[in-house]
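Fold the following and give me the result.
(chains A and B)
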Protein chains: 2
Amino acid sequence: MLRNCAMRLRTLGTTPARRPGAARRLFSSEKVIRKDYALPNPSWTKDLRLLFDQFMKKCEDGSWKRMPSHRQNPTRAIQEFQTLFVDSKFKKEEQMSKAQQFTRSFEEGLGFEYAMFYNNVEKRTVSLFQGGLHLQGVPGFVHGGAIATIIDVTTGTCAISEGIAMTANLNITYKKPIPLLSVVVVNSQLQKIEGRKLFVSCTIQSIDEKTLYTEATALFIKLDPEKPLT
Amino acid sequence: MLRNCAMRLRTLGTTPARRPGAARRLFSSEKVIRKDYALPNPSWTKDLRLLFDQFMKKCEDGSWKRMPSHRQNPTRAIQEFQTLFVDSKFKKEEQMSKAQQFTRSFEEGLGFEYAMFYNNVEKRTVSLFQGGLHLQGVPGFVHGGAIATIIDVTTGTCAISEGIAMTANLNITYKKPIPLLSVVVVNSQLQKIEGRKLFVSCTIQSIDEKTLYTEATALFIKLDPEKPLT
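Coordinates of the predicted model:
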């Protein structure tokens, strides 16, 4: 729903830092201690590795960009977001510093294994996704809620290329169940902008594109600092 | 998406066992080793405990029923489901025995803390839900995918009262972000049946009903053993 905003916007390069170089310095120092989960690990199947390598090749000319992915946001990004959009009564919870990004809260291989790639010219985001054994719905298949999650994450990345935004609607049609541990391609495209509304479409297909598992549309609303969320 | 079917159908009491008493004996012996996650634990806030107690009172006259919730399905339920609905090529994976129910794969208090209650006369299901710190989307709030998940689970329980079914569509409108660790009420209602189609509505509200966080509709399709899923 709400997009993992400030940090990702920096990655997309759409928000200028207040002081030139400040964002880059922050990112460099934090990179040392913050693991990037959008990189191959031993749980990845051969299919996922092959696809990842193909997309990394597409990144070489700069048309595509791999999106890093972390378990926790940088403190500064959280503070910036809260200052802009969250009412003061929600800011004080100290335990919130222990919160973790939903999709990165699983042990290696058991949850959402994915890498996301963004194309700024085409306004497209592609996630290569392998659903681990702890994402089970019915025996042997990925839970519908886990599928909704990877759709929200992927379409959201299309949306925040236009500014900090939150999900207003997800409309998901499940056509075929996705087997656990299989690799699928989540393809999303920014379709239209109307004022603060951003319309994004999404499909989930098998690698050979012969099976359409899921279709979805998503509506995002750009946030307005004049209107706190809570 | 696909409903956690055979086991839950037994809980709802809608599927007769092949031999009288067989299902009950299976359930009793498995109960000893399988933890029921839909019961209070130390991570539950006072709000969640109070609501839980209120619903347990409603269960006393039999109008409402608390739905037990497990991390893994009983082996027999998995086999029954796979025999009926899954093509043979998907049945052989031995690692699938290590799979876990998505919503129950988190450590106590960090993920989906919820208890679900079902009213067979009103065809309603209510989930009392507290989103833990590992369900974070934007800083301080529950991820939209986690919200979609609790909606899928709750509406699905309404649907399977009519037979084994899978989610065909979820249409979710996010109106307000849900703060992490707050307790919300997920209320779903079977609205209409047309052939194999089951239409279910859903809202997520604050305990005092003053805040409407999310609205959704869900469409489920009853499964047909003549048409395997894969």
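
how near is A:E122 to chain B?
24 Å (CB to the nearest CB, to the nearest Å). Just so you know, the C-beta spots here come from the backbone N, C-alpha and C atoms, and that holds for glycine as well.

what about that residue, helix or strand, and which?
Secondary structure assigned from DSSP states H and E places A:E122 in neither a helix nor a strand.

and the nearest residue to it once chain neighbours are set aside, what is it in contact with?
Excluding its sequence neighbours, the residue lying closest to A:E122 (CB to CB, 6 or more residues apart in numbering or on different chains) is A:Q189, at 7.6 Å. When contacts are counted by CB atoms under 8 Å, 6 or more residues apart in numbering or on different chains, A:Q189 is found next to A:122-124, A:158, A:200-202.

By neighbour count, sort out the buried ones in the residues you listed.
Among those, those buried by neighbour count (16 or more other CB atoms under 10 Å in any protein chain shown) are A:123-124, A:158, A:200-202.

Turn these into CSV, including pLDDT.
CSV is the format used below for these (pLDDT from 0 to 100):
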residue, pLDDT
A:K123, 96
A:R124, 98
A:C158, 93
A:V200, 98
A:S201, 98
A:C202, 98
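
In helices, which of the contacts of A:Q189 fall?
Using DSSP state H, the members of the contacts of A:Q189 that fall within helices are A:C158.

Between the contacts of A:Q189, which sits nearest B:E107?
A:C202 (30.8 Å; CB to CB).

Does that closest one touch A:G156 like I think?
No - in this structure, A:C202 is not within contact of A:G156 by CB atoms under 8 Å, at 10.3 Å.

shared neighbours of those two, anything?
A:A218.

related to what we said a few turns ago, check which helix or strand the residue nearest to A:E122 maps to.
Per DSSP H and E: strand A:183-194 holds A:Q189.

Using PDB, write out every CA atom in that strand.
Output of strand A:183-194 as PDB, limited to C-alpha atoms (Å, rounded to 0.1, in the frame of the first residue of the first chain):
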ATOM      1  CA  VAL A 183      10.100 -18.800 -10.900                       C
ATOM      2  CA  VAL A 184       7.700 -16.300 -12.400                       C
ATOM      3  CA  VAL A 185       8.000 -12.900 -14.100                       C
ATOM      4  CA  VAL A 186       6.000 -10.000 -12.700                       C
ATOM      5  CA  ASN A 187       5.700  -7.300 -15.300                       C
ATOM      6  CA  SER A 188       4.300  -3.900 -14.500                       C
ATOM      7  CA  GLN A 189       3.800  -0.800 -16.500                       C
ATOM      8  CA  LEU A 190       2.800   2.800 -15.700                       C
ATOM      9  CA  GLN A 191      -0.200   3.300 -18.000                       C
ATOM     10  CA  LYS A 192      -1.600   6.700 -17.200                       C
ATOM     11  CA  ILE A 193      -1.300   9.800 -15.000                       C
ATOM     12  CA  GLU A 194      -4.300  11.900 -14.100                       C
END
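
Just give the strands next to it in its sheet, each with its orientation.
Partners of strand A:183-194 in the sheet, by DSSP bridges, are strand A:124-131 (antiparallel), strand A:197-206 (antiparallel).

picking that back up, bridge partners for the residue nearest to A:E122, pull those for me.
With DSSP bridges as the criterion, A:Q189 is bridged to A:R124, A:S201.

So it versus A:K222, what's the distance?
Using CB to CB, to the nearest Å, A:Q189 is found at 18 Å from A:K222.

where along chain A do the strands fall?
For chain A, the strands defined by DSSP state E occupy A:65-67, A:112-119, A:124-131, A:165-174, A:183-194, A:197-206, A:212-222.

and the angle from the fourth one to strand B:165-174?
The one in question is strand A:165-174. Using axes from the mean of the first three to the mean of the last three CA atoms, to 10 degrees, the inter-axis angle of strand A:165-174 relative to strand B:165-174 is 160 degrees.

Ok, the longest one next?
For the pair strand A:183-194 and strand B:165-174, the angle between their directions (the same axes, to 10 degrees) equals 30 degrees.

and strand A:183-194, average pLDDT?
In this model, strand A:183-194 has a mean pLDDT of 97.

For it, list every residue counted as buried.
A:183-190.

Tell me the one of those nearest chain B?
Among the buried residues of strand A:183-194, A:V186 lies closest to chain B (CB to the nearest CB), at 12.3 Å.

what sits against the residue nearest to that closest one when sequence neighbours are not counted?
Among residues not flanking A:V186 along the chain, A:S127 sits closest, at 4.0 Å (CB to CB, 6+ apart). Neighbour list for A:S127: A:114-117, A:150, A:153-154, A:185-186, A:188 [criterion: CB under 8 Å, 6+ apart].

And the pLDDT for A:S127?
pLDDT, the model's per-residue confidence, is 98 for A:S127.

From A:M116, how far off is it?
Taken as CB to CB, the span from A:S127 to A:M116 is 5 Å.

Tally up the residues packed near A:P225, please.
9 (other CB atoms under 10 Å in any protein chain shown).

what's the answer for A:S63, then?
A:S63, neighbours per other CB under 10 Å, totals 12.

Surely it and A:F117 touch.
No - counting by CB under 8 Å, A:S63 stays clear of A:F117, with 9.9 Å between them.

re earlier: distance to B:Y213 added to the strands of chain A, as TSV?
Output for the strands of chain A, formatted as TSV (distance: least, CB to CB, whole Å):
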stretch	distance to B:Y213
strand A:65-67	28
strand A:112-119	23
strand A:124-131	26
strand A:165-174	13
strand A:183-194	24
strand A:197-206	20
strand A:212-222	15
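
mind checking which of those strands is nearest A:R34?
Of the strands of chain A, nearest to A:R34 by CB to CB is strand A:65-67, at 14.1 Å.

That closest one - contacts with which helices or strands?
Counting contacts by 3 or more CB pairs under 8 Å, 6 or more residues apart in numbering or on different chains; DSSP states H and E, strand A:65-67 packs against helix A:5-12, helix A:46-59, strand A:112-119.
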